[in-house]
Each structure stands twice: as C-alpha cells, then as structure tokens.
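[1] The following comprises the amino acid sequence and a computationally predicted model.
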Amino acid sequence: MSGENRVALAGRLAEVGALRSTPAGVAVVECRLRHESECEEAGRRRKVKAEVEAIAFETQARMIAAAALDSALEVEGFLCAKSARSKKLVLHITNVVFGKGD
C-alpha cells in the first residue's frame, strides 16, 4: 500500500515534554501544538481551533525542547498511530520553523 501522508501546520507551542533519549540514543520530545485559523468549508468561512499531539526527533526535538511555550511555529511532518496498541494519531515533525506568524 502506498499513498500520500504529509501534514503542514502553523500554530503555537502549547506544551513541551522533557527532552529524552530513546534506548538507541536518539533525542526525542513530545509536544502539543495549538492551531487557530479560518478555513472555507461548504462555501462558508469556518473558525478552526485544534490541539495536536506531536513528537520530534534529533535536531527538531532539540529545537522544540529549547523553545518558549506559546512560540509561533510552522511544522511539516506525517501522521502515525501512537503505538501498535493505540490507533490515536500523532504528528511526527520532520521540519520546524519558529517565528512564523508573530
């Protein structure tokens, strides 16, 4: 099975966990992003508000862990199940740019 799985999201850093390492020594941080915007749906403007659970590794993890809460950012990544037992979606951040939207 093959298909598209790309996400781009602008928002603010709402929550950041502790920077830690996986058993293989890879830096990882879990965070929550807060997004607010207006989108068009069914021919009408709709206010959109959402919080998204996310995880980042290595360089992106270190950048997020060092950032202040409520920092504006744009992220790119993909969606994946939280674990083999949980089908809850988590955004895996592969690129982050701070300061967008301030």
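    Perfect, thanks for sending it.
[2] Give me the secondary structure label for Asp70.
    The assignment at Asp70 comes out as coil when based on DSSP: H, G, I helix; E, B strand; the rest coil.
[3] any idea what sits nearest it, other than its immediate chain neighbours?
    Once flanking residues are discounted, Asp70 sits nearest to Arg12: 5.3 Å by C-beta to C-beta, 6 or more residues apart in numbering. Where C-beta positions appear, they are placed from N, C-alpha and C, glycine not excepted.
[4] Double-check that that neighbour belongs to a strand.
    Yes: using three-state DSSP, the assignment for Arg12 is a strand.
[5] Make sure it is actually in contact with Ser71.
    Yes: with contact defined as C-beta atoms under 8 Å, Arg12 and Ser71 form a contacting pair (6.6 Å).
[6] Quick check: pLDDT value at the spatially most central residue of the chain.
    Residue closest to the mean C-alpha point of the chain, counted by C-alpha atoms, centre = their mean, is Ala54 at 4.1 Å. According to the prediction, Ala54 has pLDDT 98.
[7] Test my guess that it contacts Leu73.
    No: assessed by C-beta under 8 Å, Ala54 is found out of contact with Leu73, at 10.3 Å.
[8] shared neighbours, those two?
    Shared contacts of Ala54 and Leu73, defined by C-beta atoms under 8 Å, 6 or more residues apart in numbering, comprise Leu33.
[9] Any regions of this structure where pLDDT drops low?
    By pLDDT under 70, the low-scoring segments of the chain are 1, 100-102.
[10] For the spatially most distant residue from the centre of it, give me its contacts.
    Relative to the centre of the chain, the most outlying C-alpha is that of Gly43, 28.2 Å out, by C-alpha atoms, centre = their mean. Contact analysis of Gly43 by C-beta under 8 Å, 6+ apart lists nothing.
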